[in-house]
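J.: sequence first, predicted model second:
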Amino acid sequence: EADIYQTPRYLVIGTGKKITLECSQTMGHDKMYWYQQDPGMELHLIHYSYGVNSTEKGDLSSESTVSRIRTEHFPLTLESARPSHTSQYLCASSDPTSLKGADTQYFGPGTRLTVL
Amino acid sequence: LAKTTQPISMDSYEGQEVNITCSHNNIATNDYITWYQQFPSQGPRFIIQGYKTKVTNEVASLFIPADRKSSTLSLPRVSLSDTAVYYCLVMDTGRRALTFGSGTRLQVQP
């Protein structure tokens, strides 16, 4: 089993609040990802990181920001939450050096965010 | 951008073998094909990965023809608990990461 953790698992919050979704992994993986997924819909990559001090935007434009100060930690922050941010947020990590041309991602359990 | 195409949905009955085919015409020479399974409200879970010919593990088999432009995930004797979305992925050469498509929604009925 992969050792990747997300907190909180569920969060209900009011509009305008600042929130940080936590993601940590104990596998020493360099690459980490954040996906956004609405119920029954596909996953959208919103941020990823190749390693410490590296952050990149994904396919889906997002008002969130991320940081990567430590290898094991990849938090996602929303400065001012809005109802349109209501979704499930999934964090993943991978070690791309395990196989050239392969990138096996391990996912956390997700955070279900509801903004009222 | 390495793109995959797979059926949107499939239906099956318990005990049947299910084959889900994915096309990836632009797969790069070094890239592997990876399949994930996702249950509602959970993160995707790695099922199987392969480069060519056939790969088998305790969960599934993966068949890849010589031209590698497609692959088939085979689930033997499915049960109700195999009802899930199955994603076929190849490496996004530009960002060196996997890109999830819409997947195949498999519904297994009694």
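T.: Here it is on my side, so go on.

J.: what segments of chain B are strands?
T.: B:9-13, B:18-23, B:33-38, B:45-50, B:53-56, B:61-64, B:70-75, B:84-92, B:97-98, B:104-109 (DSSP state E).

J.: can you pull the contacts of the closest residue to chain A within chain B?
T.: Closest to chain A within chain B is residue B:43: 2.9 Å, counting by CB to the nearest CB. Where you see a C-beta, it was placed from the backbone N, CA and C, and this is true even at glycine. Contacts for residue B:43 were tallied using CB atoms under 8 Å, 6 or more residues apart in numbering or on different chains; they are A:90, A:92, A:107-110.

J.: residue numbers of chain A in contact with chain B?
T.: Contact residues (CB under 8 Å from any CB of the partner chain) of chain A with chain B: A:31, A:33, A:35, A:39, A:42-43, A:45, A:48, A:56, A:59, A:88, A:90, A:92, A:94, A:96, A:99-110, A:112.

J.: mean neighbour count and distance to residue A:11 added to the strands of chain B, as JSON lines?
T.: As requested, the strands of chain B are exported to JSON lines (neighbours: other CB atoms under 10 Å in any protein chain shown; distance: least, CB to CB, whole Å):
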{"stretch": "strand B:9-13", "mean neighbour count": "13", "distance to residue A:11": "31"}
{"stretch": "strand B:18-23", "mean neighbour count": "18", "distance to residue A:11": "34"}
{"stretch": "strand B:33-38", "mean neighbour count": "24", "distance to residue A:11": "21"}
{"stretch": "strand B:45-50", "mean neighbour count": "18", "distance to residue A:11": "23"}
{"stretch": "strand B:53-56", "mean neighbour count": "13", "distance to residue A:11": "39"}
{"stretch": "strand B:61-64", "mean neighbour count": "19", "distance to residue A:11": "37"}
{"stretch": "strand B:70-75", "mean neighbour count": "21", "distance to residue A:11": "34"}
{"stretch": "strand B:84-92", "mean neighbour count": "23", "distance to residue A:11": "24"}
{"stretch": "strand B:97-98", "mean neighbour count": "23", "distance to residue A:11": "26"}
{"stretch": "strand B:104-109", "mean neighbour count": "17", "distance to residue A:11": "27"}
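
J.: residue A:64 is nearest to which of those?
T.: Residue A:64 lies closest to strand B:97-98 among these, at 17.9 Å (CB to CB).

J.: can you list the contacts of residue B:43 in TSV and add pLDDT, secondary structure and neighbour count?
T.: Shown next, in TSV, are these (pLDDT from 0 to 100; DSSP: H, G, I helix; E, B strand; the rest coil; neighbours: other CB atoms under 10 Å in any protein chain shown):
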residue	pLDDT	secondary structure	neighbour count
A:90	96	strand	27
A:92	95	strand	27
A:107	94	strand	23
A:108	95	coil	24
A:109	93	coil	16
A:110	95	coil	21
